[in-house]
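> output the structure for:
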Amino acid sequence: MEVKANKNVDLAQRPVLSQVKPRPATANFDTVSFSRVVALEQAMHQTPAVRPEAVQRARALVSDAEYPPTATIDGIATLLALEINAGESNS
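Got it, this is the predicted structure:
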């Protein structure tokens, strides 16, 4: 049996060897610190479920006929119109 090397093989068909080198194992990867998780859980338990000042502000805004300001509504309407027009021109 005779084997001939085919030098006309496309490079895309050749296997690509990974150039990634494995990281050496260190002791830092074997341990996990949960101190930040514990601190976060403590902060969550200390935070009230309802903030009375936020509820009071929300009630005041809902009862205000001038909220949101007309300029804000106009600005949002303009942005929406621009997005609608941009979407129609891309279609």
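> could you say which helix or strand contains Thr78?
Using DSSP states H and E, Thr78 maps to helix 70-90.
> hey, C-alpha coordinates of that helix in PDB?
Extracted in PDB, the C-alpha atoms of helix 70-90 (Å, rounded to 0.1, in the frame of the first residue of the first chain):
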ATOM      1  CA  THR A  70     -46.200  68.800  29.900                       C
ATOM      2  CA  ALA A  71     -42.600  69.300  28.700                       C
ATOM      3  CA  THR A  72     -41.800  65.700  29.900                       C
ATOM      4  CA  ILE A  73     -44.800  64.300  28.100                       C
ATOM      5  CA  ASP A  74     -44.000  66.200  24.900                       C
ATOM      6  CA  GLY A  75     -40.400  65.000  25.000                       C
ATOM      7  CA  ILE A  76     -41.400  61.400  25.400                       C
ATOM      8  CA  ALA A  77     -43.900  61.800  22.600                       C
ATOM      9  CA  THR A  78     -41.200  63.200  20.300                       C
ATOM     10  CA  LEU A  79     -38.900  60.300  21.100                       C
ATOM     11  CA  LEU A  80     -41.600  57.800  20.400                       C
ATOM     12  CA  ALA A  81     -42.400  59.500  17.100                       C
ATOM     13  CA  LEU A  82     -38.700  59.400  16.100                       C
ATOM     14  CA  GLU A  83     -38.500  55.700  16.900                       C
ATOM     15  CA  ILE A  84     -41.700  54.900  15.000                       C
ATOM     16  CA  ASN A  85     -40.400  56.900  11.900                       C
ATOM     17  CA  ALA A  86     -37.000  55.200  12.100                       C
ATOM     18  CA  GLY A  87     -38.700  51.800  12.300                       C
ATOM     19  CA  GLU A  88     -40.800  52.500   9.200                       C
ATOM     20  CA  SER A  89     -37.900  53.800   7.200                       C
ATOM     21  CA  ASN A  90     -35.900  50.600   8.000                       C
END
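> what segments of the protein are helices?
Assigned by DSSP state H, the chain shows helices spanning 35-46, 52-63, 70-90.
> any chance of JSON lines for the ones you listed, columns distance to Val20 and mean neighbour count?
Where C-beta positions appear, they are placed from N, C-alpha and C, glycine not excepted. Below are the helices of the chain laid out as JSON lines (distance: least, Cβ to Cβ, whole Å; neighbours: other Cβ atoms under 10 Å):
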{"stretch": "helix 35-46", "distance to Val20": "30", "mean neighbour count": "9"}
{"stretch": "helix 52-63", "distance to Val20": "50", "mean neighbour count": "9"}
{"stretch": "helix 70-90", "distance to Val20": "40", "mean neighbour count": "9"}
